[in-house]
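I'd like to go over a predicted model; first the sequence, then the structure.
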Amino acid sequence: MVQHDIVIIGGGPAGMAAAVAAYDNGVKDVVILDREEDLGGILRQCIHNGFGLHKLGQELTGPEYAAVYKEKVKERGIKVFYESTVTAVSPDKIVTARNREGILKIQAKAVILAMGCRERSRGALNTPGTRPAGVYSAGTAQKLMNCEGYMVGKKVVILGSGDIGLIMARRMSLEGAKVEAVCEILPYSGGLNRNIVQCLEDYGIPLYLNTTVAEIHGTKRVEGVTIAQVDANRNIIEETKRYIDCDTLLLSVGLIPENELTREAGIAISPVTSGALVDENCQTSIEGIFACGNVLQVHDLVDYVSDEAERAGIGAVSYVLGENKGSISVATKAGKGVRYVLPQTVHTDSGKDTALFLRVTEPFGKVRFTVTSGDEILATAQRLKAAPGEMEKLIIPAEKLARVKEEIVVTLDELN
Amino acid sequence: MKYDVLIAGAGVTGAMAARELSRYQLSVCLLEKENDVACGASKANSGIVHGGFDPEPGTLKAKLNAEGIGLLYEAAAQLHVPCKQNGSMVCAFGAEEEPAIDELYQRGLQNGIGSMAILSGDEARKLEPNLSEAITKVLHIPAAGIICPYDLTIAAVGNAMDNGVELKRNFEIDKIDCVDGFVVTSTEGEQVEGRYFLNCAGNHADEVAELIGDRFYDIIPRAGEYMLLDKAEGSRVSHTIFQVPSKEGKGILVSPTVDGNLLCGPTAAKVAGPEHNETTNGGLAIVQRLAAKSVPSVNFRQVITSFTGVRSSEKNGDFIIEESKKQKGFIHVAAIDSPGLTSCVAVAKYALNILKESGLELVEKENWDGSREDTHAFRKMNDEEKDAFIKANPTYGKIVCRCETVSEGEIRDAIRRNPQAWDIDSVKRRTRSGMGRCQGGFCSPYVMKLIAEELGIPMEQVSKNGKGSEPLLGKL
């Protein structure tokens, strides 16, 4: 068995940024394991722009954003195992992977989980109907188009208004496909507002809210779908059913953090984020195992993935070097209007300003977030609007955090 | 050439008949209208080795179910098809349903089922803690089991082919001329000739019978909807849990599968034709409600796919296995619905006996080999064995399907080995690639590339399940 100080599982944006941060903060023996033949993860198929505005101060495509980090990994001589799929992580940090050379076992001092997420499939939706060719998850269609160079459909209906679905609506339109409709079962889109404008409105593609695909038709290939409006309980309203002729159905109905390895290692998972429960250094319930990026929580912007991964990288360095990151911790809690708060625990004696990340339960207009512990207000922030699709960040100053004794609660109040 | 025996339909019945015939010095051709074997009811059923208490005593079903259990376990072992004797439980909910348990017990005795026990609800819950508190009496059949029906069909056809049987796919029978045997013409105009004809055409058996003017039965296609759950739910129960037939329906079971998932279903709805294999809102709701009645804690958020199988029933409710009274040498093997999977080897042997009585000479081959290599050997290895195997076969080190941990080597083998996988669904049934929680989201582009490469065809010609189901519509 070989030994390395920090082993990073996944070479997407999270894994790369974590590796670079770990290296730059004092641990040189860092390795990345990735299942693909190149670094970059899903960014490799995201050929649209909009990446890097916050983090790099420029607007890049996915492959360009990935290239920035690939270069950093390369410059530092960080070892990458390509086409190496991790099949197990043990609680004592033995990482087992498989590649064309055999089974690789690495004893790590610290492990950073950066496996990303997967798309919800048709099966998970229980959409009735037949099972023909031409039903794709949006990301699969994106890969086939952008990486392999094939057309996946000509008359398209998209179910779900997640960002990948919106991006694919534009992508397919640009390649000459007719996108007949984007259907969203919720009363609002889960995608970024900029994508609704730039990917649907600019192309005249209708977005139907409170609407779902009620049935899939076609024996060999999709021949059409029946769409229908839903009531407040998301039950189909029969009289609103209508048939749309199409050859392709794309699904953009949510992303699920890929935490199979995490679960098997015995790490505690949040039922809300479907990612590990972590502290402000992204450390999981097993000491020395960290998680970052979309395997921890589904992000809307890669820039924030990189930020989070840097915290995980630095956290792993501190763990390997035996530095004290604080010993007193309190839990955080999502209060009114807030779906979740991450990290789920915070060290009060870290001596650092600490960021909380959260998502709201539904779209709001003008709101104020309040972070409290007992009677004390730790932070407040106002927003002109808040939406579930956009992650919020609130900072608790170190000196206020030091006085905290009780659970930290984040609540939202609507302002008129 | 003129084959000794033609078999119509490569479902589990036709597959087992082909394998049984391959023991003898005969030329055999298996005709299948789809792009793969096991494309009808054999790919979408409960995968249960039935205990044998259910069929009406005295019927062919009762006889062949009882005979078939042991034969099936034996064949599965030879073919390295995973099966598990997990036992089944039939559950009664309250005093009104309890007499049905005693009736089934008596019926089981008449059918010659050796080991059965009647348990109280509490006794059953000791064995199966997640059973509903409302269950008051249970029939326990330890001999019942689970098996993967398409795995069995594929293995049986593969083994038959290894022993000389020919498989013709995309051969949809259009016409049968009964001149000195049978001249069979496909819809594409291809012809094959045979001395004997086994009609194992499943849901289309009545149509095939009609082609020789002997349609004395009508197949009633009955759709059964299922929901398959993630392996995270796979240990919710260890036995196959049935309910006694009631007004609410019959036969919604909750069962682990040999692959470690949880299966719930089926409904039973008459449909207009076998092509009606769509799922419905109503059907899936019934599956959820009745499965939860037996096992309330099933977490339906873990559903990874739903599907419908269409079973071939007949009004008299029994298997039809007999020589045509109109055309000597034509054997009907029809209406093989439940317990058809359990009975498949017994059905094949029974049909063979009819062929023999009809004059087919059965001379055993000297070199017949009824065993098939274990196509799942790699996944069963420990890390050291895998390491050694990968060093000799590097493509086994490249994982293509991450959810089910399927390697490039396993997929390439599935495309090369009898019966070759020609499309994405065929690869899936052989390797489980695409059968996991992401349902092929990540691996399907890779699988398509491997199929294109192995078969030497362009990517655009790679199909999901045969012509007309190509996912790609051209190059950009």
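Everything's here; your move. All of these numbers come straight from a predicted model, not from anything done at the bench.

the longest strand along chain A pairs with which strands, parallel or anti?
Assignment by DSSP state E gives strand A:102-113 as the longest strand of chain A. Paired with strand A:102-113 in the same sheet, following DSSP bridges, are strand A:2-9 (parallel), strand A:94-99 (antiparallel), strand A:289-291 (parallel).

continuing past the first one, what's the next helix or strand?
Pointing back at strand A:2-9 there. The helix or strand immediately downstream of strand A:2-9 is helix A:13-24, counting by DSSP states H and E.

helices and strands around that following helix, which ones?
strand A:2-9, strand A:30-33, helix A:62-75, strand A:102-113, helix A:302-321 (3 or more Cβ pairs under 8 Å, 6 or more residues apart in numbering or on different chains; DSSP states H and E). Where C-beta positions appear, they are placed from N, C-alpha and C, glycine not excepted.

got a markdown table for these, with mean neighbour count too?
Compiled in a markdown table, the helices and strands packed on helix A:13-24 are given as follows (neighbours: other Cβ atoms under 10 Å in any protein chain shown):
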| stretch | mean neighbour count |
| --- | --- |
| strand A:2-9 | 22 |
| strand A:30-33 | 24 |
| helix A:62-75 | 18 |
| strand A:102-113 | 23 |
| helix A:302-321 | 24 |
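
need these in TSV (columns: distance to residue B:137).
Shown next, in TSV, are those (distance: least, Cβ to Cβ, whole Å):
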stretch	distance to residue B:137
strand A:2-9	50
strand A:30-33	54
helix A:62-75	61
strand A:102-113	48
helix A:302-321	55
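
got TSV for these, with mean pLDDT and distance to residue B:115 too?
Converted to TSV, those look like this (pLDDT from 0 to 100; distance: least, Cβ to Cβ, whole Å):
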stretch	mean pLDDT	distance to residue B:115
strand A:2-9	98	48
strand A:30-33	98	50
helix A:62-75	98	61
strand A:102-113	98	43
helix A:302-321	97	56
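
these: which one's closest to residue B:394?
Nearest to residue B:394, of all these, is strand A:102-113, at 8.6 Å by Cβ to Cβ.

for stretch A:45-60, which outside residues touch it?
A:43, A:61-65, A:68, A:139, A:142-143, A:146-147, A:167, A:170-171, A:194, A:301-304, A:306-307 (Cβ atoms under 8 Å, 6 or more residues apart in numbering or on different chains).

number of residues surrounding residue B:84?
14 (other Cβ atoms under 10 Å in any protein chain shown).

quick one: low-confidence ranges for chain B?
B:247-250 (pLDDT under 70).

try it again at 80.
B:114, B:246-251 (pLDDT under 80).

domains in it, by residue range?
Following automatic domain parsing, one gets these domains for chain B: B:2-42+B:150-218+B:316-357, B:88-142+B:220-313, B:377-461.

most packed of those?
domain B:2-42+B:150-218+B:316-357 (a mean of 22; mean count of other Cβ atoms under 10 Å in any protein chain shown).

how deep is residue A:397 tucked in, by neighbour count?
Residue A:397 has 12 nearby residues by other Cβ under 10 Å.

got phi/psi on it?
Per-residue torsions, residue A:397: phi -60, psi 150 (degrees, to the nearest 10).

that one and residue A:380 touch, don't they?
No. Under the criterion of Cβ atoms under 8 Å, residue A:397 is not in contact with residue A:380, lying 11.9 Å apart.

wait, residue A:236 touches residue A:214, no?
Yes. In this structure, residue A:236 is within contact of residue A:214 by Cβ under 8 Å, at 5.2 Å.

so what sits against both of the two?
A:228, B:281.

is chain B contacted by the stretch of helix or strand residue A:214 belongs to?
Under the criterion of DSSP H and E, residue A:214 resides in strand A:211-217. Yes. Counting by Cβ under 8 Å from any Cβ of the partner chain, contacts between strand A:211-217 and chain B involve A:214-216.

residue ranges with poor pLDDT in chain A?
A:325, A:416.

just to revisit the earlier point, rebuild the residues of strand A:211-217 next to chain B as TSV, extending it with distance to residue B:242 and neighbour count.
As requested, the residues of strand A:211-217 next to chain B are arranged in TSV below (distance: Cβ to Cβ, whole Å; neighbours: other Cβ atoms under 10 Å in any protein chain shown):
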residue	distance to residue B:242	neighbour count
A:214	31	23
A:215	30	20
A:216	31	25
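
would you list those in a markdown table and tack on distance to residue B:172?
Listed next are the residues of strand A:211-217 next to chain B as a markdown table, based on distance: Cβ to Cβ, whole Å:
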| residue | distance to residue B:172 |
| --- | --- |
| A:214 | 32 |
| A:215 | 27 |
| A:216 | 25 |
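
distance of residue B:394 from chain A?
4 Å (Cβ to the nearest Cβ, to the nearest Å).

for the closest residue to that residue other than its chain neighbours, grab phi and psi.
Nearest residue to residue B:394, sequence neighbours excluded (Cβ to Cβ, 6 or more residues apart in numbering or on different chains): residue A:100, at 4.0 Å. Reported as degrees, to the nearest 10, the phi and psi values for residue A:100 are phi -70, psi -10.

who's in contact with residue A:100?
Taking Cβ under 8 Å, 6+ apart as the test, what residue A:100 contacts is A:83, B:390, B:394-395, B:397-398.

ok now do residue B:348, which residues does it touch?
Taking Cβ under 8 Å, 6+ apart, one finds B:13, B:16-17, B:19-20 in contact with residue B:348.
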